[in-house]
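Participant: fold the following.
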Amino acid sequence: MARAAISLGPRGAAVSDARKVPEGRGGWVEAFRRVRGETEARASHLSVEDQIVQSMPDASPVKWHRAHVTWFFEQFLLVPNDPSYRIFDERFPFLFNSYYVAAGPRHARPQRGLITRPNAEDVTNYRAHVDAAVVRLIETVPEADAAQVFEILEIGLHHEQQHQELVLTDILHAFAHNPTNPVYDAAWQLPRAGQGPRSLDADDFVAVPNGIHAVGHDGDGYCFDNELPRHDALIPNVRIARHLVTNAEWIKFIEAGAYTTPSLWLSDGWSTVEKEGWEAPGYWQKKDGQWHVMTLGGLKPVDLAQPVLHVSYYEAEAYARFAGKHLPSEQEWEVAARAGLLADGFGLAWQWTRSAYLPYPGYRAAEGALGEYNGKFMINTMVLRGSSLATPEDHDRVSYRNFFVPPARWQFTSVRLAEFV
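Facilitator: Below you'll find the predicted structure:
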């Protein structure tokens, strides 16, 4: 399979909420083909065997990702809006639905890696079948129905971009369990931090504008429903670190015995440390006395100057306690980002906040299956802000609310500290 280039890396200190809406039907066709092509570019670095593996229940095979996002367009765009469309394979809705209960029964998530058939070629044909139908719908849908069709299309595009990130994080998790340390892309290198991480000191902390601030999506472009409604939040007197915590700083945390000191950890966090045997961030291993980390470019020496990656909320909170600081709330983070105070806020690593993933005041989930997209996960998860090196370049925005369970660390996650004044 030919390998295609993908664009990864930091996007600077500030990213806007505003997103350009495609112009006309031709613009929508172009946007659709570009997003679909990016998924295939990321998969092109993988063999057929690579695309089948599922290394844990929280991860999915790349083949499944490619099929699931295609099912999304078929289920929510084509079937309701194109009377002439015929489902590619009647087995696929059951196999490739994820968690949309209203859309029908689904295959058990932990068993996705057992589905060797339909094979990767079948999924490629499925994507081509749906792609042709979507382009045809864009070009021929009556003007009276076009706005509704383009609205669902836009949701589908952003949904696929989310899975593009998972394509990379899920295969890295699988490769990290392979003792031969496979390489996803030999040309891949860890993106350099945009403004250079600094050692933790008082000068790295800047005051966040305090008082009442509006938070939530404020642009004319796309957002997920969990970014709304825009509302007021009270920001206390707090300072936030401009830079992310570095690997050098994290090694000091390790050498101070943090992973063997229960008093630094939340109760659930310490239980996880003991159960999982954590001694360092995810994918770290010692080789010839030196810390190495598994990356998309294979096993590499840990770069001391770079931000730490693959840490859980539990580790982030423990490090903050160790440093005598705390994690910022998602509102503090957003106000600081809008003020341009954050280095590497976007395009390098998601940053844990101390905020539980809860609905904004006045939030209402949409009716129907698409209403299951975000709202039903607003329990037992924590919010991350920013974006990572695996996030598609035009997918991040200041108001974006990512969320994961506290032990998760297979994503590109890092730590930014804050302190009360």
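
Participant: start and end of stretch 57-67, how far apart?
Facilitator: End-to-end distance of stretch 57-67 (CA to CA, to the nearest Å): 17 Å.

Participant: contacts for that stretch, please.
Facilitator: 39-40, 43, 46, 50-54, 68, 92, 95-96, 109-110, 112-113, 115, 118-120, 123-124, 126-127, 163, 166-167, 169-171, 173-174, 408, 410 (CB atoms under 8 Å, 6 or more residues apart in numbering). From N, CA and C alone the C-beta is placed, and that goes for glycine too.

Participant: could you tell me which of those belong to helices?
Facilitator: 39-40, 43, 68, 92, 95-96, 120, 123-124, 126-127, 163, 166-167, 169-171, 173-174 (DSSP state H).

Participant: show me where the protein has its helices.
Facilitator: Chain-ordered helices for the chain, with DSSP H as the definition, fall at 24-43, 62-73, 79-81, 92-96, 120-140, 143-176, 247-255, 267-276, 313-322, 330-338.

Participant: I'd like those as JSON lines, with mean neighbour count, distance to Asp288 and mean pLDDT appended.
Facilitator: Output for the helices of the chain, formatted as JSON lines (neighbours: other CB atoms under 10 Å; distance: least, CB to CB, whole Å; pLDDT from 0 to 100):
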{"stretch": "helix 24-43", "mean neighbour count": "17", "distance to Asp288": "32", "mean pLDDT": "97"}
{"stretch": "helix 62-73", "mean neighbour count": "26", "distance to Asp288": "32", "mean pLDDT": "98"}
{"stretch": "helix 79-81", "mean neighbour count": "14", "distance to Asp288": "57", "mean pLDDT": "97"}
{"stretch": "helix 92-96", "mean neighbour count": "19", "distance to Asp288": "44", "mean pLDDT": "96"}
{"stretch": "helix 120-140", "mean neighbour count": "17", "distance to Asp288": "38", "mean pLDDT": "98"}
{"stretch": "helix 143-176", "mean neighbour count": "19", "distance to Asp288": "19", "mean pLDDT": "97"}
{"stretch": "helix 247-255", "mean neighbour count": "17", "distance to Asp288": "16", "mean pLDDT": "98"}
{"stretch": "helix 267-276", "mean neighbour count": "15", "distance to Asp288": "25", "mean pLDDT": "98"}
{"stretch": "helix 313-322", "mean neighbour count": "23", "distance to Asp288": "25", "mean pLDDT": "98"}
{"stretch": "helix 330-338", "mean neighbour count": "25", "distance to Asp288": "38", "mean pLDDT": "98"}
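
Participant: could you dump those helices into CSV and include distance to Ala418?
Facilitator: As requested, these are arranged in CSV below (distance: least, CB to CB, whole Å):
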stretch, distance to Ala418
helix 24-43, 34
helix 62-73, 35
helix 79-81, 45
helix 92-96, 41
helix 120-140, 43
helix 143-176, 26
helix 247-255, 15
helix 267-276, 19
helix 313-322, 8
helix 330-338, 6
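
Participant: so for Val302, which of these sits nearest?
Facilitator: Taking CB to CB, helix 247-255 is the member of the helices of the chain nearest to Val302, at 5.1 Å.

Participant: using PDB, write out every CA atom in that closest one.
Facilitator: What follows is helix 247-255 as a C-alpha-only set of coordinates in PDB (Å, rounded to 0.1, in the frame of the first residue of the first chain):
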ATOM      1  CA  ASN A 247      10.100  15.300  30.500                       C
ATOM      2  CA  ALA A 248      13.100  16.600  32.600                       C
ATOM      3  CA  GLU A 249      10.700  17.800  35.300                       C
ATOM      4  CA  TRP A 250       8.800  14.500  35.100                       C
ATOM      5  CA  ILE A 251      12.000  12.500  35.700                       C
ATOM      6  CA  LYS A 252      12.600  14.500  38.800                       C
ATOM      7  CA  PHE A 253       9.000  13.500  39.900                       C
ATOM      8  CA  ILE A 254       9.900   9.900  39.300                       C
ATOM      9  CA  GLU A 255      13.300  10.100  41.000                       C
END
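
Participant: elements contacting it?
Facilitator: Here helix 247-255 touches helix 313-322, going by 3 or more CB pairs under 8 Å, 6 or more residues apart in numbering; DSSP states H and E.

Participant: elements contacting the helix it packs on?
Facilitator: Here helix 313-322 is seen to pack against helix 247-255, helix 267-276, strand 350-356 when contacts are counted using 3+ CB pairs under 8 Å, 6+ apart.

Participant: any chance of those in TSV, plus distance to Pro392?
Facilitator: Conversion of the helices and strands packed on helix 313-322 to TSV gives the following (distance: least, CB to CB, whole Å):
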stretch	distance to Pro392
helix 247-255	26
helix 267-276	30
strand 350-356	14
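
Participant: does Glu160 really touch Gly37, like I thought?
Facilitator: No. If you go by CB atoms under 8 Å, Glu160 and Gly37 don't touch, sitting 10.7 Å apart.

Participant: give me the below-cutoff pLDDT ranges for the stretch 201-350 of the chain.
Facilitator: 201-202 (pLDDT under 70).

Participant: and stretch 125-145, how far from the chain's centre?
Facilitator: Between the mean C-alpha point of stretch 125-145 and the mean C-alpha point of its chain there is a distance of 28 Å (CA atoms, centre = their mean, to the nearest Å).
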